[in-house]
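> Quick one: sequence and predicted model below, then my questions.
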Amino acid sequence: MVNRRVFYLSIQVVCNAILIGGVAKALVFLIDFITNLAFYGRFSLAPASPAGNQLGILVIAVPIIGALAVGLMARFGTRAIGGHGIPEAMEKIILADSRIPPAITLLKPLSAAISIGTGGPFGAEGPIIATGAAFGSLTGQWIHISSSERKIVLAAGACAGMAAIFGSPLAAVLLAVELLLFEFSPRSIIPVALACVTGAGMHFLLFGTRPVFAMPDIPTPSTNALAIYVLLGAFIGVVAAFVSRSVYWIEDQFEKLPIHWMWWPALGAVAIGSIGYFAPHTMGVGYDNIQRLLTGITPLAIVAALCFLKYLSWSISLGSGTSGGTLAPLFTIGGALGCLLGAAVLHYFPRCGIDIATAALIGMAAMFAGASRAWLTSIVFALETTGQIHGLLPLLGACVAAYFVSFFLMKGSIMTEKIQRRGVKTPDAYEPDILQGVEVRQLVVPLSEEQPPVHFVYASDDAGLAAETMGRHNTDSLAVKDDKDGEKLIGLITARGLLTFYSNRRRKERHYQSPAGTRRIMAQGRRLLRTINHE
């Protein structure tokens, strides 16, 4: 329901988004400063990548030192600074009334900047999403709002952070719907959308208006090419499931180590440094790697390194519990895999009509769609950050295929597996409330001769309000009053009636009926199969 409180929340989240946009820019500056200091020994805020360092074998020590600092911050600050960012926000929404400890607002971006600046193979978006969520939760605890409103402020802060980093407001709104809000209603979407627009405005002000991953124009796909892109998306969905499972398998192995968890990030950093010694492009934020992949002309040796070695470095370090994110690494791994698959298809079928740059684009989006199951976010994100409208159909086909395949290969997603292991149920579908779709008058039963209940609802109210009223007053029946004549009782609504209606409606939704002709064909098919088997 849209009312005055939605207006107040909208003002709050817009103010938050302005501050979060500033925090996003400060985080990027801090990552660049630490990268310059750690790999080049200079004090500078200029953009820098670990890829050009001249440290030789000493490069292995840099990520380890950074990971030790992160481990100490987690040990003496809060362990919640580790992990992806989005799963932790989801857990707080479900279990803790959207209350995030204030310490995370400061420690998460600081620990992430140290981790990424010293070579951690993560993007800046995960930490800023977590920081935005923490800041939104913090302001939601300062002002007098309900837990459901605090959830909206938390989600708005998180997604404003994503929009501030990438300049992708619509993708950020969809991220809120698919991974944080667990609902789609005007009272939640309006504040979140305004926060995301504000975050994107801050991106354009502080980072520029050019698409983050600007790429050459891609051709309109032919029918044959579109079919191949869909098949590539399905295959990448299989890989995405493997990637998600492997991250948590590695995390399980760290859990078995006979040493304190504070030291785990340092052990994971050994893999970062060792791999970075041979493939320095795997270290750091890696947005330039995504940009390079989307050109479609990157040498296959570099593409293969970004696909396999980036995966090893990222999965081991993330599994160790360090502070990092999942979006940019998944885009890099998926984009590189899309390049490799596209090159292989073109090698064997040179006239198939596919484009390497398009294959990289669908690879990065399909990988995230399969791993996170946020397929709408993946499609729109790829479109907003590249500006390639001709990529819409290939992205739609590939991401839906990856999303479809992932349901057969894993129960949860890379975002939900961690909290599901702790016994937290996460929704995987957004369905209308059955009780809100029926009026009380449709469930009225006659009044008995006994004294009618004290508490009442009106005939035009929805059954969901009746259920809420029963719970609030701890009663199993309510009087029903006429809308026009508020003193006239027209009957009762009971808890038994609500439960019966709900059960019947759910049973109808799951009941399958086949036309008589279809049943006859199925029966003949079964007889034919039995005959073949006997023969």
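Right, received. Where do you want to start?
> Let's verify the residue nearest the centre of the chain: helix, strand, or coil?
Of all residues in the chain, the one closest to the mean position by CA atoms, centre = their mean is residue 179, 4.8 Å from it. When classified by DSSP: H, G, I helix; E, B strand; the rest coil, residue 179 comes out as helix.
> Does it touch residue 371 like I think?
No: counting by CB atoms under 8 Å, residue 179 stays clear of residue 371, with 11.8 Å between them. In short, each C-beta sits where N, CA and C put it, glycine included.
> and the gap between the residue nearest to the centre of the chain and residue 192?
The gap separating residue 179 from residue 192 is 12 Å, by CB to CB, to the nearest Å.
> And residue 236, by the same measure?
With distances taken as CB to CB, residue 236 is found 29 Å from residue 192.
> immediately after the one helix or strand residue 340 maps to, which helix or strand?
Following DSSP states H and E, one finds residue 340 within helix 327-348. As assigned by DSSP H and E, the chain's next helix or strand after helix 327-348 is helix 356-372.
> Read off the pLDDT value for the closest residue to residue 315 other than its chain neighbours.
Leaving aside its chain neighbours, residue 315 sits nearest to residue 247 (5.1 Å; criterion: CB to CB, 6 or more residues apart in numbering). As predicted, residue 247 sits at a pLDDT of 88.
> residues touching residue 247, list them.
Residue 247 sits next to 315, 318, 319, 414 when contact means CB atoms under 8 Å, 6 or more residues apart in numbering.
> chain center to the strand or helix carrying it: distance?
In the assignment (DSSP H and E), residue 247 maps to helix 223-255. Offset of helix 223-255 from its chain centre (CA atoms, centre = their mean, to the nearest Å): 16 Å.
> for the helix or strand that that helix is followed by, packing partners?
Remark: after helix 223-255, the chain's next helix or strand is helix 264-278, criterion DSSP H and E. The contact analysis (3 or more CB pairs under 8 Å, 6 or more residues apart in numbering; DSSP states H and E) places helix 264-278 against helix 61-76, helix 223-255, helix 310-319.
> in the first one, what counts as buried?
What that stands for is helix 61-76. Of the residues in helix 61-76, 62, 63, 64, 66, 67, 68, 69, 70, 71, 73, 74 count as buried by neighbour count, 16 or more other CB atoms under 10 Å.
> gap between the residue lying closest to the fourth one once chain neighbours are set aside and residue 127?
In other words, residue 66. Once flanking residues are discounted, residue 66 sits nearest to residue 118: 2.7 Å by CB to CB, 6+ apart. Note on residue 118: its distance to residue 127, by CB to CB, is 14 Å.
> quick check: longest helix of this structure.
Scanning the chain for the longest helix, with DSSP state H as the assignment, gives helix 4-40.
> angle of that helix against helix 61-76?
Using axes from the mean of the first three to the mean of the last three CA atoms, to 10 degrees, the direction of helix 4-40 lies 140 degrees away from that of helix 61-76.
> and helix 4-40 with helix 264-278, angle?
Using the same axes, to 10 degrees: helix 4-40 against helix 264-278 is 60 degrees.
> Which strands or helices does helix 4-40 pack on?
Checking 3+ CB pairs under 8 Å, 6+ apart, helix 4-40 ends up next to helix 61-76, helix 103-117, helix 125-142, helix 147-166, helix 186-206.
> Determine the set of other helices and strands touching the shortest one.
By that I understand helix 103-117. helix 4-40, helix 61-76, helix 125-142.
> buried set for the last one?
By neighbour count, and taking 16+ other CB under 10 Å as the criterion, the buried residues in helix 125-142 are 125-141.
> Just list what it packs against, helices and strands only.
On a contact count with 3+ CB pairs under 8 Å, 6+ apart, helix 125-142 meets helix 4-40, helix 86-95, helix 103-117, helix 147-166, helix 327-348.
> just so I know, which of those helices lies nearest residue 460?
Evaluated with CB to CB, these place helix 4-40 nearest to residue 460, the distance being 22.8 Å.
> For that closest one, list every residue counted as buried.
By neighbour count on 16+ other CB under 10 Å, the buried set for helix 4-40 is 6, 9-10, 12-14, 16-18, 20-21, 23-25, 27-28, 30-36, 38-39.
> just checking, residue 78 touches residue 108?
No: taking CB under 8 Å as the definition, residue 78 is not a contact partner of residue 108, at 9.0 Å.
> Have a look at the two and say which one is more surrounded.
Taking neighbours as other CB atoms under 10 Å, residue 78 and residue 108 compare with residue 108 leading, 32 against 16.
> I figured that one hits residue 134, correct?
Yes: assessed by CB under 8 Å, residue 108 is found in contact with residue 134 at 6.4 Å.
> list the residues that contact both of the two?
Counting by CB under 8 Å, 6+ apart, no residue touches both residue 108 and residue 134.
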